[in-house]
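**Student:** Got a predicted model here, sequence first, then my questions.
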Amino acid sequence: MKLSLEAVAALTGGTILSGDPELNVLGVASLLDATPEEASFLGNEKYFEDFLHTSAGIVLVPPGLPKYPENVAFVEVANPSMAFNALVKYFKASSYKFVPGIHPTAIIDPSAKINPDRVRVGAYTCIGAHCEIGDGTDIGNACQIGDSVTMGENCRLHANVTIRERCKLGSRVTIQPGAVIGSDGFGFLMGDNGRYVGIDQVGIVELGDDVDVGANTTIDRARFGRTVIGEGTKIDNLVQIGHNVVVGKHCIIVALSGIAGSTHVGDYVTIAAQVGIAGHLKIGSKSTLAAQTGVTADIPENAAYWGTPASPFKDACRQFAALRKLPALIKEVHSFKRKLDSSGN
C-alpha cells in the first residue's frame, strides 16, 4: 500500500517543507537503508551524517535543521520519532489482515465462549474449558490457553504463547511468541526431612488493557490473589516478573530485567535493561531505574537511580567517575613511591 507525501503530512500532523505532494512511498526504513520508495526520520542528532547521505524518498525532520540533503522530500514535525511510528503503524496495518476462523487442527473445549465468526484461532492451538475470548482477538499457532481464562476484545497472541488457567487479559493485549503468563511462582519451603517442598500457587495473573508482553517473558501467578500488570504497561523480551508483583499503569520494563515476588511498582516507572529488583519493595511512581541497577531498598517517587546497590543517579555518576580515575591515581601513587625509593628516602 502506498502513501503520498501529502498523506504523510496529514497522518503525522506535519508540514511539507519540500517535494511533490503526489510523491508516493511504499514503506519505511532507516536513513541509510531507505530507498527512494521508502520514508525515514531524523530523531536523534547523532544520525545527522546519515541524514545528509540518505536516499529516502521522504524524511520526517524536526524544526530548524542547518542543512538538508538534495532530492529528498521533507515533512517537518515536532517529534519525528513519534510521527514515524504513525507511518510504521500504517504500513503494518496494511500488511496484517485479520481473518476470523478456527483452524481445523485447533482443539477448543465445547464449554468455551468464542465466536468463530469474530475470532481467529491458529493451527494446533488448544483452548480449555470455560474460557471466554473477546471478539476481534487473534490467537496464533500452537498456543495453549488454560481452563477459565478470560480475554478481552482485539487481543493478539503470537505463536507458542501459554496462558495458564484462570488468568485474565484485558482488551488489546499483545503477547509475543514464547511468553508464559501464569506459570507457578517460585515458592519452596525446607521440610523436616531436609528436602524442599513446593508451595502451591493458587492465584492468577491479570493483564490490563493495552498491555504488551515481549517474547519469552514470564509472569508468575500469585501464591494467592493476583499478580497484576497495569493498563498500558509495555514489557520487553526475556523479562521475569515474580508472584504477587503489582506493576502500575504505563510502565516500561526493558529486556533481561527481573522483579522478585510481592514488589509493588508505581505508575509511569521506567525499568531499563538488566535491572534486578528484590522482593517486597515499593518502587515509586514516575521513577527511573537505569540499566543494570540492583535494587535492594524502596525507591521514592520521581527519582532516578543507578548502580548496585541502587543510588540516586547523580551520586552514582560521581562514584562511577571516581572509579574511572582510580587506575590513574594508583599509577601516580606507584610512580611517586618509586621516586621515593630511588632517592633513598
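**Tutor:** Noted; the coordinates are in hand.
**Student:** Going by C-alpha atoms from here, please, whenever you check contacts or count neighbours.
**Tutor:** Noted.
**Student:** which strands and helices sit next to the least confident helix or strand in the chain by mean pLDDT?
**Tutor:** Within the chain, confidence by mean pLDDT, DSSP states H and E is lowest for helix 313-343 among all helices and strands, at a mean of 75. Counting contacts by 3 or more Cα pairs under 8 Å, 6 or more residues apart in numbering; DSSP states H and E, helix 313-343 packs against strand 304-306.
**Student:** The strand it packs on pairs with which strands, parallel or anti?
**Tutor:** strand 288-289 (parallel), strand 311-312 (antiparallel) (DSSP bridges).
**Student:** Most tightly packed of those strands?
**Tutor:** strand 288-289 (a mean of 26; mean count of other Cα atoms under 10 Å).
**Student:** contact partners of the next helix or strand after that strand?
**Tutor:** Sequence order places strand 294-295 as the next helix or strand after strand 288-289, per DSSP states H and E. Here strand 294-295 makes contact (Cα atoms under 8 Å, 6 or more residues apart in numbering) with 275-278, 306-310.
**Student:** which residue ranges form the helices in this protein?
**Tutor:** 5-12, 48-52, 80-95, 313-343 (DSSP state H).
**Student:** Give me the distance from the longest one to the chain's centre.
**Tutor:** Put plainly, it is helix 313-343. What separates the centre of helix 313-343 from the centre of its chain is 40 Å, taken as Cα atoms, centre = their mean, to the nearest Å.
**Student:** who touches the residue nearest to residue 52 when sequence neighbours are not counted in this structure?
**Tutor:** Closest residue to residue 52 apart from its sequence neighbours, by Cα to Cα, 6 or more residues apart in numbering: residue 69 at 4.9 Å. Contact analysis of residue 69 by Cα under 8 Å, 6+ apart lists 51-54.
**Student:** show me the contacts for residue 296.
**Tutor:** Neighbouring residues of residue 296 by Cα under 8 Å, 6+ apart: 277-278, 281, 309-310.
**Student:** how much space is there between it and residue 266?
**Tutor:** To residue 266, residue 296 is 16 Å away according to Cα to Cα, to the nearest Å.
**Student:** show me where pLDDT drops low in the stretch 201-345 of the chain?
**Tutor:** Within the stretch 201-345 of the chain, the segments meeting pLDDT under 70 span 326, 329, 333-334, 336-337, 339-340, 343-345.
**Student:** rerun that using 50 as the cut-off
**Tutor:** Across the stretch 201-345 of the chain, nothing is flagged by pLDDT under 50.
**Student:** and the strands paired with strand 304-306 as JSON lines, adding distance to residue 140?
**Tutor:** Shown next, in JSON lines, are the strands paired with strand 304-306 (distance: least, Cα to Cα, whole Å):
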{"stretch": "strand 288-289", "distance to residue 140": "34"}
{"stretch": "strand 311-312", "distance to residue 140": "43"}
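**Student:** Pull out the buried residues from the contacts of strand 294-295.
**Tutor:** Buried by 16 or more other Cα atoms under 10 Å: 275-278, 306-307, 310, out of the contacts of strand 294-295.
**Student:** Quick check: strands, which of those residues are part of them?
**Tutor:** Taking DSSP state E as the definition of strands, the buried ones among the contacts of strand 294-295 contribute 276-277, 306.
**Student:** now, which of those residues sits nearest residue 61?
**Tutor:** Ranked by distance to residue 61 (Cα to Cα), those are led by residue 306 at 32.6 Å.
**Student:** Check which residues of stretch 69-84 are buried.
**Tutor:** By neighbour count with 16+ other Cα under 10 Å, stretch 69-84 contains the buried residues 72-77, 79-81, 83-84.
**Student:** Would you mind listing the two of these that lie farthest apart?
**Tutor:** Greatest spatial distance among the buried residues of stretch 69-84 (Cα to Cα): 72 and 79, at 19.0 Å.
**Student:** What residues of stretch 266-285 count as buried?
**Tutor:** For stretch 266-285, using 16+ other Cα under 10 Å, the buried residues are 266-285.
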